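S.K.: mind folding the following:
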Amino acid sequence: MSGRAPAAAAEGGVTFGHTELPEEQSAALRRAIRLAWGTIAFLMVGVTLVYLVMGSSQAMKAAWAEDLLSFIPPISFLVAVRFARRRPTTAHPYGYHRSVGIGHLVAAAALLTMGTFLVLDSGSGLLAAEHPPVGVMHLGEHVFWAGWPMIGAMVLTGIPPVLLGRAKMPLARTLHDRVLYADADMNKADWMTALGSVVGILGIGAGLWWADSAAALFISVSILRDGITNLRVASGALMDARATTVDGDEPHPLAGEVDARLRALPWVEDARSRVRDQGHVFHVEAFVVPRDGRAPSLRELAEAREVATALDWKVQDLVVVPVEGLPEEMLPGVAAAEGEDERREGAGSR
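M.R.: Numbers count the residues shown, from 1 in each chain. Below is the predicted model of the structure:
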């Protein structure tokens, strides 16, 4: 038996496909959308400012490129949310939740490509011992070193993204949105880009020709690392890897909670699920072994669906499959998981 979370009760309810968002997630989504638009507006100003003052500095060019790349995550988030809210159709019976994964993959690929290019570009400049000139600027009758406007621009454009990232991070966890999480993670790390650029510019002023290229290389490696990390998580989700936390580091605890809730039913002897991340929501296939080999009634199957979907709004679609024994060919991690459970019980008893 399969089931879905109830459709929106009200016509104007905030939903992802069939899933009506609870008030906490609805408020988080509205705020995340406002922050995404605010990020785009800030980036338009920041990119223009950095372009006007960057001169021939490799570090400033790398910082400018990173600012350009920073447009991709908030735009991807806004587009993905718009698609994810569409209800399932005959052509897309699972809905449009995968739009989040596609947006994440696009952002990761862009980061990886640009990061690779910048690493090669800044690395070749360092090996070629290029000496970037930073001259003077004239403002009326005043003449001053051109590095100062560069430093001022990096300070002005380096602080707001950090604040935006800190504001987005809890929202990304609340919504289980990896595009928003990647955006927040990049924003939080922008202070390193700004600091690296400032160090590179000051190094040029101090006569250290290599400081600029070294700072550019540092920024480029940071972009490349973000690209590799996000590409790993995005591609894994699209290939139906087991559901993980929004940062991709740990298995999502909801999978174990579903199993525990099903095992607690009086007619269930054992249960194990495989959970795949559709985007914001999960698709769960729960295999249950009835006690004494008795076939469960339709009412019992409906009860199993209801208690599992009630755990969390992310359990958007759940299939309950009665089986004689847990199918190891469909749940290849069953043996290992059972062994781990036994080891934990043994450690607890000691």
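S.K.: how near is Leu262 to Thr309?
M.R.: Using Cβ to Cβ, to the nearest Å, one gets 11 Å for the distance from Leu262 to Thr309. C-beta coordinates here come from the backbone N, C-alpha and C atoms, glycine included.
S.K.: tell me, what's touching the two both at once?
M.R.: With contacts defined as Cβ atoms under 8 Å, 6 or more residues apart in numbering, no residue is shared by Leu262 and Thr309.
S.K.: got a pLDDT number for the residue nearest to the spatial centre of the chain?
M.R.: Centroid check for the chain by Cα atoms, centre = their mean gives Arg178 as the closest residue, at 2.2 Å. Arg178 is assigned 89 on the pLDDT scale.
S.K.: for it, what are its contacts?
M.R.: Counting by Cβ under 8 Å, 6+ apart, Arg178 makes contact with Val100, Gly101, His104, Ala172, Asn230, Val233, Ala234, Ala237, Val246, Gly248.
S.K.: tell me which stretches of this structure form strands.
M.R.: Secondary structure of the chain, counting by DSSP state E: strands at 2-4, 15-16, 19-20, 136-139, 142-145, 268-277, 282-290, 315-322.
S.K.: ok, and which of these has the densest surroundings?
M.R.: Among those, strand 15-16 has the highest mean neighbour count (mean count of other Cβ atoms under 10 Å), at a mean of 24.
S.K.: strand partners of it, parallel vs antiparallel please.
M.R.: Neighbouring strands of strand 15-16 in its sheet, by DSSP bridges, are strand 19-20 (antiparallel).
S.K.: coming back round to it: let me have the strands of the chain in CSV, adding mean pLDDT as columns.
M.R.: Shown next, in CSV, are the strands of the chain (pLDDT from 0 to 100):
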stretch, mean pLDDT
strand 2-4, 47
strand 15-16, 82
strand 19-20, 84
strand 136-139, 61
strand 142-145, 68
strand 268-277, 92
strand 282-290, 93
strand 315-322, 90
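S.K.: Serialize these to CSV and add fields for distance to Thr39.
M.R.: Putting the strands of the chain into CSV (distance: least, Cβ to Cβ, whole Å) gives the following:
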stretch, distance to Thr39
strand 2-4, 33
strand 15-16, 21
strand 19-20, 26
strand 136-139, 30
strand 142-145, 31
strand 268-277, 24
strand 282-290, 28
strand 315-322, 28
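S.K.: out of the ones you listed, nearest to Trp191?
M.R.: Set against Trp191 and scored by Cβ to Cβ, these come closest in strand 142-145, at 23.6 Å.
S.K.: how does this structure divide into domains?
M.R.: The chain breaks down by automatic domain parsing into domains covering 16-238, 253-349.
S.K.: which of the ones you listed is buried the deepest?
M.R.: Greatest average neighbour count among these goes to domain 16-238 (a mean of 19), per mean count of other Cβ under 10 Å.
S.K.: residue ranges in the stretch 51-200 of the chain under the pLDDT threshold?
M.R.: The model of the stretch 51-200 of the chain has pLDDT under 70 over residues 129-144, 146.
S.K.: show me the helices in it, by range?
M.R.: For the stretch 51-200 of the chain, applying DSSP state H, counting those that start in this stretch gives helices covering 58-69, 72-84, 99-127, 147-175, 178-188, 190-205.
S.K.: which one of the ones you listed lies nearest to Val288?
M.R.: Comparing those by Cβ to Cβ, helix 99-127 comes nearest, at 28.5 Å.
S.K.: next, the angle from the closest one to strand 268-277.
M.R.: With axes from the mean of the first three to the mean of the last three Cα atoms, to 10 degrees applied, the angle from helix 99-127 to strand 268-277 works out at 50 degrees.
S.K.: the inter-axis angle of helix 99-127 versus helix 178-188?
M.R.: 30 degrees.
S.K.: could the helices of the stretch 51-200 of the chain go into CSV alongside distance to Pro327?
M.R.: As requested, the helices of the stretch 51-200 of the chain are exported to CSV (distance: least, Cβ to Cβ, whole Å):
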stretch, distance to Pro327
helix 58-69, 44
helix 72-84, 31
helix 99-127, 27
helix 147-175, 33
helix 178-188, 30
helix 190-205, 48
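S.K.: can you name the residues that contact Ile219?
M.R.: Ile219 makes contact with Ala59, Ala62, Ala63, Glu66, Leu118, Ser122, Met192, Thr193, Gly196, Ser197, according to Cβ under 8 Å, 6+ apart.
S.K.: ok, now with 10 Å
M.R.: Ile219 makes contact with 58-63, 65-66, 115, 118-119, 122, 192-197, 200, according to Cβ atoms under 10 Å, 6 or more residues apart in numbering.
S.K.: same question, Arg276
M.R.: Ala237, Met239, Asp240, Ala241, Arg242, Ala243, Ala255, Phe282, His283, Val284, Glu285.
S.K.: and what of Leu208?
M.R.: Residues counted as contacts of Leu208 (Cβ under 10 Å, 6+ apart) are Val199, Gly200, Leu202, Ala214.
S.K.: so the third one touches Ile151, yeah?
M.R.: Yes. Judged on Cβ atoms under 10 Å, Leu202 makes contact with Ile151 at a distance of 7.4 Å.
S.K.: which residue is the nearest non-sequential neighbour of Asp190?
M.R.: Excluding its sequence neighbours, the residue lying closest to Asp190 (Cβ to Cβ, 6 or more residues apart in numbering) is Pro161, at 3.9 Å.
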